[in-house]
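# next come a sequence and a model predicted from it.
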Amino acid sequence: MGVGADTLVYNLLADDNTGGNGSDIWSDFSVAQGDHIDVSALLVGWNGSSDTLGNYITLSYVGGNTVVSIDRDGTGGNTHQPATLITLQGVHINSLDELIDTNNSN
């Protein structure tokens, strides 16, 4: 996206598993530069607490990339299924807490 802190904001475009956003690749995501991802508009019934975000967002490390998956209605919902939302190329984020801390620190 560019040098410096970037913010990717996902808006609700359709009522599917990714909110109509499909799956993206972010090739220069940088924790050090303060990059952010905002998925709040996609989360059905989320109370806004970082303590419950793990019910909606999961991270996996695949082939040198961090894959961010979303379950729009959380683990207790039956309408939406988990789907890959974005792949952070060449980035290894150890936990959702690390990503949350990065998003809240800037």
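Ah, there it is. Residues are numbered from 1 along each chain as shown.

# so where's the chain uncertain?
Applying pLDDT under 70 to the chain flags the ranges 1-2, 102-106.

# ranges for the helices of it?
Using DSSP state H, the helices assigned to the chain run over residues 96-105.

# all the strands of it, residue numbers only.
Assigned by DSSP state E, the strands in the chain fall at 7-9, 24-26, 36-38, 57-62, 65-70, 83-88.

# in a markdown table: these, plus mean neighbour count and distance to Leu99.
In short, each C-beta sits where N, CA and C put it, glycine included. Shown next, in a markdown table, are the strands of the chain (neighbours: other C-beta atoms under 10 Å; distance: least, C-beta to C-beta, whole Å):
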| stretch | mean neighbour count | distance to Leu99 |
| --- | --- | --- |
| strand 7-9 | 13 | 12 |
| strand 24-26 | 15 | 12 |
| strand 36-38 | 16 | 8 |
| strand 57-62 | 14 | 7 |
| strand 65-70 | 21 | 8 |
| strand 83-88 | 21 | 9 |
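
# and these as CSV, adding distance to Asp16?
Below are those laid out as CSV (distance: least, C-beta to C-beta, whole Å):
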stretch, distance to Asp16
strand 7-9, 18
strand 24-26, 15
strand 36-38, 19
strand 57-62, 17
strand 65-70, 11
strand 83-88, 8
